[in-house]
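K.L.:
Build me a model from this:
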Amino acid sequence: MKARRKLILLGTSLGFIGIILGAFAAHGLEKLISEEAIATFETGVKYQIYHALLLVFLSSQSFTTEKLNKILFWLILLGTLFFSGSIYGLSTNELSGFDFKTIAWITPIGGALFIFSWILIFLNVLKKPKNL
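P.N.:
Have a look, this model is predicted:
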């Protein structure tokens, strides 16, 4: 499967899951966790959706290579799982039998993967001819 197609599929999947999770935070969690925890949960949703939109945007552009698209796919997928996933767990920690605080260290790793993906895009564009 071509990398651009994978970007679209991952982006749209992360997008619709993000919308579902955002609605769940607004309507399903409101009586179960604190407002602060809901705000934290929504931070995970925002970053998931931001990167879903980035993936869909990248799939329609020609300034990235097939190789870079494959790298970005994995960076953003893992970034979402580590950053947003750990935030979802941490903010709903009191509802679970698992203590997500034990894996809180993966949150900044996910954030770093997001940052690295943006830096790679930036550097890739800098390498392109100025008439891009």
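
K.L.:
Quick check: residue 64 vs residue 122, distance?
P.N.:
Distance of residue 64 to residue 122, computed by CB to CB, to the nearest Å: 11 Å. Every residue, glycine included, has its C-beta placed from N, CA and C.

K.L.:
The two: which has the busier surroundings?
P.N.:
Neighbours per residue (other CB atoms under 10 Å) separate residue 64 from residue 122, with residue 64 holding more: 21 against 9.

K.L.:
hang on, isn't that one packed against residue 57?
P.N.:
No: using CB atoms under 8 Å, residue 64 makes no contact with residue 57, being 10.3 Å away.

K.L.:
What residues of stretch 26-35 count as buried?
P.N.:
Neighbour counts over stretch 26-35 (16 or more other CB atoms under 10 Å) mark 29, 33 as buried.

K.L.:
low-confidence ranges in this protein?
P.N.:
131-132 (pLDDT under 70).

K.L.:
give me the number of residues near residue 66?
P.N.:
Neighbours of residue 66 using other CB under 10 Å come to 9.
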